[in-house]
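>>> Just the structure for this:
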Amino acid sequence: MNITFKEKLRYKLLGNAWSAERKIYIDYVRLLATVFVVCVHTLELARTQLAPGTIPFQIAEVFHFVFLSCNLLFIMVSGALLLPIKNERIGDFFVKRFSKVAIPFLVYYIIYVCAKEGIQCLYPNYWLTFLKRILIGPPVEAPHFWLIYVILWLYVLTPFLRYLVQNIPDEIFAGVIVVIFLVNALDTYLPLFGKDAHLSGVVDSYVGVFLLGYYMAERCCKRAENILIAGGIASFLITCYIFFNLGWYDDYVYNNAPTMMLFASALFLELKRLATHWEKKGLLLQFVSRYSFAILLIHWAVLHVVVKQVLKVNVMSGGVIGGCLLAIVLTLVISLVGGMVFDLLLIQPLQKLFGKCFSQKKKQVTLNTGK
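Numbers count the residues shown, from 1 in each chain. Coordinates of the predicted model:
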């Protein structure tokens, strides 16, 4: 079958983001998470210029809570996409999927560091130091990379978790989800009573959120969906009350706190239900879905350097809403274009080279063993 130039170009730019087999609601969740991650970092610039305790600051805190659900949504999407797959060899998994995260991460890590410290970071005598820096954690130039470390860790665990979830009955798995919420609740709220559950290592791994994404995508019954959505609505209302009436909350409503987990779950499930009425994928959805990971990686530099320093956009100009909205739109558009350029010129060639090297090595092993 002959493939037209238009089809080749579409696949080059969009990969399989335009494929009819894709679950469209996953693309919408990914789109929402991508927009939210830009929104939350833009809003954080504005929050530093608002007086704590004022109405504008409290309203900003509510939006900050909403947007910060992006972290959990990204992890839920990963769980929903990776854990249902069966009969995939571990080696094939790491080549086809792990490289999609690890290679872009390494490229952007190097770009962020070199942009600040210079090209000498790439000299051979610096490689060992650079490797140690990568293993230690995210660079100061890109603190948002902490989420990438979490995702990489979850990719390492994926083959084991696949075996676990595919061999557990639905009723027991529902109980596992309840335990996940309980563990996160203990880790979040026991410090209020001067106690420490010593569960932060388990909770901070985000394995529970990863499993929750799979559960909502594949194993969640209608009744459980309704409970999670109702819990998400209640969590939002409780969080709003806390923001407007209490002065302490940072450690008790964000990240793996049950309030944030329930709210993110409600967003995930509502998009899953609504997407049944949205059959057509718009071009914007396809592009953002295809380059969401690139936008996640590059947006920090775009926001803080290009938008804030080069274009001189003040998030407080024209009021908080006007300034933030302008910064968000510019960051998304420039990040999308920049992500496409880096992906086409750097990421795809490196991934293709990595795939060829592994294929040749696998072929050589096959010839040597006769299998």
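
>>> Tell me the helix or strand right after the helix or strand containing F63.
For F63, the enclosing helix or strand under DSSP states H and E is helix 55-67. Following helix 55-67 in sequence order, the next helix or strand is helix 70-82 (DSSP H and E).

>>> Need the contact partners of that next one.
23, 26, 29-30, 32-34, 36-37, 39-40, 97, 147, 150-151, 154-155, 158, 162, 206, 209-214, 216-218, 255, 260-261, 264-265, 267-268, 296 (C-beta atoms under 8 Å, 6 or more residues apart in numbering). (C-beta placed from N, C-alpha, C; glycine too.)

>>> Mind checking the pLDDT average for that helix?
Taken as a whole, helix 70-82 has an average pLDDT of 96.

>>> so what secondary structure elements neighbour the following helix or strand past that helix?
Following helix 70-82 in sequence order, the next helix or strand is helix 90-93 (DSSP H and E). With contacts defined as 3 or more C-beta pairs under 8 Å, 6 or more residues apart in numbering; DSSP states H and E, the packing partners of helix 90-93 are helix 146-165.

>>> For the helix it packs on, list the C-alpha coordinates in PDB.
Below are the C-alpha coordinates for helix 146-165, written out as PDB (Å, rounded to 0.1, in the frame of the first residue of the first chain):
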ATOM      1  CA  TRP A 146      11.200  16.300  39.900                       C
ATOM      2  CA  LEU A 147       8.100  15.000  38.200                       C
ATOM      3  CA  ILE A 148      10.200  13.400  35.400                       C
ATOM      4  CA  TYR A 149      12.200  11.500  38.000                       C
ATOM      5  CA  VAL A 150       8.900  10.200  39.500                       C
ATOM      6  CA  ILE A 151       7.700   9.100  36.000                       C
ATOM      7  CA  LEU A 152      11.000   7.400  35.300                       C
ATOM      8  CA  TRP A 153      10.800   5.500  38.600                       C
ATOM      9  CA  LEU A 154       7.300   4.400  37.700                       C
ATOM     10  CA  TYR A 155       8.500   3.200  34.300                       C
ATOM     11  CA  VAL A 156      11.100   1.000  36.100                       C
ATOM     12  CA  LEU A 157       8.300  -0.500  38.200                       C
ATOM     13  CA  THR A 158       5.800  -1.000  35.400                       C
ATOM     14  CA  PRO A 159       6.700  -4.600  34.300                       C
ATOM     15  CA  PHE A 160       6.200  -5.700  38.000                       C
ATOM     16  CA  LEU A 161       3.000  -3.700  38.400                       C
ATOM     17  CA  ARG A 162       1.600  -5.000  35.200                       C
ATOM     18  CA  TYR A 163       1.900  -8.600  36.500                       C
ATOM     19  CA  LEU A 164       0.400  -7.500  39.800                       C
ATOM     20  CA  VAL A 165      -2.700  -5.700  38.500                       C
END
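
>>> in the stretch 51-200 of the chain, which ranges drop under the pLDDT threshold?
The stretch 51-200 of the chain contains no residues with pLDDT under 70.

>>> Now stretch 291-298 - C-alpha only, CSV.
Output of stretch 291-298 as CSV, limited to C-alpha atoms (Å, rounded to 0.1, in the frame of the first residue of the first chain):
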residue,chain,number,x,y,z
TYR,A,291,4.0,17.2,22.2
SER,A,292,2.7,17.3,25.8
PHE,A,293,5.8,15.8,27.2
ALA,A,294,8.0,18.3,25.3
ILE,A,295,5.9,21.1,26.6
LEU,A,296,6.2,19.8,30.1
LEU,A,297,10.0,19.8,29.7
ILE,A,298,10.5,23.1,27.9
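
>>> Flag the shaky bits of the stretch 251-371 of the chain, pLDDT-wise.
Counting by pLDDT under 70, the ranges of the stretch 251-371 of the chain that qualify are 279-280, 359-371.

>>> so where do the helices sit in it?
258-274, 283-290, 292-301, 319-342, 348-369 (DSSP state H, counting those that start in this stretch).

>>> Nearest to L122, out of the ones you listed?
Closest approach to L122 among the helices of the stretch 251-371 of the chain is made by helix 348-369 (14.7 Å; C-beta to C-beta).

>>> Spatially central residue in this protein, please.
Closest residue to the average C-alpha location of the chain: F74 at 3.0 Å, with C-alpha atoms, centre = their mean.

>>> thinking again about what came up before, now the helix holding F63: how far from the chain's centre is it?
In terms of C-alpha atoms, centre = their mean, to the nearest Å, the centre of helix 55-67 is found 21 Å from the chain centre.

>>> Mind giving me the packing neighbours of it?
Here helix 55-67 touches helix 24-47, helix 222-245, helix 258-274, going by 3+ C-beta pairs under 8 Å, 6+ apart.

>>> If you count neighbours, what's buried in it?
F57, I59, A60, E61, F63, H64, F65, V66, F67 (16 or more other C-beta atoms under 10 Å).

>>> how about those in CSV, adding distance to V176?
Output for those, formatted as CSV (distance: C-beta to C-beta, whole Å):
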residue, distance to V176
F57, 39
I59, 37
A60, 36
E61, 33
F63, 33
H64, 31
F65, 27
V66, 28
F67, 29
